[in-house]
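Peer 1: The following block contains a protein sequence and its predicted model.
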Amino acid sequence: MNQTLTIARPDDWHLHLRDGAMLRAVLPETARHFARAIIMPNLVPPVVTGAQAAAYRDRILAALPDGMTFEPLMTLYLTEDTDPADVAAAAETGLVKAVKLYPAGATTNSASGVRDFDRVRGVLDKMAEIGLPLCVHGEVTDAEVDIFDREAVFIDRVLDPIRRATPGLRVVMEHITTRDGVAYVKANDTDLGATITTHHLIINRNHILVGGIRPHYYCLPVAKREEHRLALRAAATGGDARFFLGTDSAPHTDANKETACGCAGCFTATNTMSILAQVFEDEGALDRLEGFASGNGAAFYRLPVNAATLTLTRGEAVTYPAKIITGEGEVTVFDPGFPLHWSVSA
Ligand code: NCD
Ligand code: ZN
């Protein structure tokens, strides 16, 4: 007999939708299973002001195919010139749900990010006052810090000082990849949460590098050693409400991935729920999938859990397309490397 699991409709608390033809192609992949998503603002140019976020939100809704429902939860890209009053106004209307901090140069399209943290003090103080979360890309960018150490060093050198200097600031550590990130969340209070991606529950750094280089497993923060992957799996499936799903699904065309200097990002929107059901089943934690994918993030963002549901059914192996076609070129769908037995029906 097939096993079925019905959960509150999930949300994705960290998603890249891009713009234009890419947006039109990837949006249905998310909207098919997810009710809402926190939309990353790292467009070119970035989404910095409330007016830009409103315009981007309109473009997302215009790209949504007829018959699909989806609510984009907008974010602002924090720059050293961000105006605290503009942030407060955009939060007040409900348009903007978080502000995103990229250390300058940390990842794709982060050149406008923050270099001098003293220059964003006014914005952070205002956010603490109004309870608006700060989503943090937690990696230092100093050339002398090894890429595999950049998250742990960021926690000590940047994140902890910011949190101490800004009491009451609510922070989401985005896409944590280390046991250090897990430990830092656990050692703190409920003002600190963390998203965990689907792919970081599956791959470690060997998957990227052993037996040939696999550009479609390259993302930032880069996957770490196996012990870190195991810490992430324990955190995601362990029932602690401070950990929730943020896929970081980040589409790049195959041409931009399979090249001498390939872009960072794994595209996981299409098969994420099927993969997660498999992971939670393997960990004996299927009863916690709903909390991770549908409950914990909503609670952190102080939003209601979705009334709609999603049903997963365990049966014969299900397959997903290896690539999706976009107006900009093909985008490879993340391959978990093992068979998936959970099909998803709305
Ligand atoms: C993201 C992207 O492509 O925009 N890439 C990634 O590897 N995750 C940026 C990011 O979230 O770091
Ligand atoms: Zn991201």
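Peer 2: Received, thanks. Ligands and ions are numbered 1, 2, ... in the order given.

Peer 1: From here on, just use CA atoms for contacts and neighbour counts.
Peer 2: Noted.

Peer 1: Remind me which helix or strand the closest residue to A37 other than its chain neighbours belongs to.
Peer 2: Here the nearest residue to A37 in space, its sequence neighbours aside, is D12; by Cα to Cα, 6 or more residues apart in numbering that works out to 4.5 Å. With the criterion set as DSSP states H and E, the secondary-structure element containing D12 is strand 11-15.

Peer 1: Determine the angle, from 0 to 180 degrees, between the helix or strand that that strand is followed by and strand 11-15.
Peer 2: Moving toward the C-terminus from strand 11-15, the next helix or strand (DSSP H and E) is helix 20-31. Between the axes of helix 20-31 and strand 11-15, defined by axes from the mean of the first three to the mean of the last three Cα atoms, to 10 degrees, the angle is 150 degrees.

Peer 1: and helix 20-31, what other elements does it pack with?
Peer 2: Based on contacts counted as 3 or more Cα pairs under 8 Å, 6 or more residues apart in numbering; DSSP states H and E, the elements that helix 20-31 packs against are helix 50-63, strand 323-326.

Peer 1: Export these as a markdown table, with columns for distance to ligand 1 and mean neighbour count.
Peer 2: As requested, the helices and strands packed on helix 20-31 are arranged in a markdown table below (distance: least, Cα to the nearest ligand atom, whole Å; neighbours: other Cα atoms under 10 Å):
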| stretch | distance to ligand 1 | mean neighbour count |
| --- | --- | --- |
| helix 50-63 | 16 | 17 |
| strand 323-326 | 16 | 16 |
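
Peer 1: my read: the residue nearest to A37 touches S249, true?
Peer 2: No - checked against Cα atoms under 8 Å, the pair D12 and S249 is beyond contact range at 9.2 Å.

Peer 1: And the helices in the stretch 1-150 of the chain?
Peer 2: Remark: helices assigned in the stretch 1-150 of the chain by DSSP state H, counting those that start in this stretch are 20-31, 50-63, 84-92, 121-130, 150-154.

Peer 1: can you redo those as a markdown table with mean pLDDT?
Peer 2: Listed next are these as a markdown table, based on pLDDT from 0 to 100:
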| stretch | mean pLDDT |
| --- | --- |
| helix 20-31 | 98 |
| helix 50-63 | 98 |
| helix 84-92 | 98 |
| helix 121-130 | 98 |
| helix 150-154 | 98 |
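
Peer 1: R288: which of those helices is closest?
Peer 2: Nearest to R288, of all those, is helix 20-31, at 21.2 Å by Cα to Cα.

Peer 1: top strand in the chain by residue count?
Peer 2: Taking DSSP state E as the assignment, the strand of the chain that covers the most residues is strand 309-318.

Peer 1: In its sheet, which strands sit next to that one, and in what direction?
Peer 2: Sheet neighbours of strand 309-318, with direction, are listed as strand 3-8 (antiparallel), strand 340-345 (antiparallel) (DSSP bridges).

Peer 1: tell me which residues of it are tucked away?
Peer 2: Of the residues in strand 309-318, 309-314 count as buried by neighbour count, 16 or more other Cα atoms under 10 Å.

Peer 1: near ligand 1, from these?
Peer 2: Taking Cα under 6 Å from any ligand atom, there is no overlap between these and the neighbourhood of ligand 1.

Peer 1: follow-up on the earlier one: nearest to P339, of the helices of the stretch 1-150 of the chain?
Peer 2: Put simply, out of the helices of the stretch 1-150 of the chain the one that sits nearest P339 is helix 20-31, at 19.9 Å, with distance taken as Cα to Cα.

Peer 1: quick one on the thing from earlier: looking at D12 and S249, which has the bigger crowd around it?
Peer 2: Neighbour count, other Cα atoms under 10 Å: between D12 and S249, D12 has more, with 29 against 26.

Peer 1: How are the strands of the protein distributed by residue range?
Peer 2: The residue ranges that make up the strands of the chain, judged by DSSP E, are 3-8, 11-15, 36-39, 71-77, 96-101, 134-136, 171-173, 192-196, 243-245, 309-318, 323-326, 329-332, 340-345.
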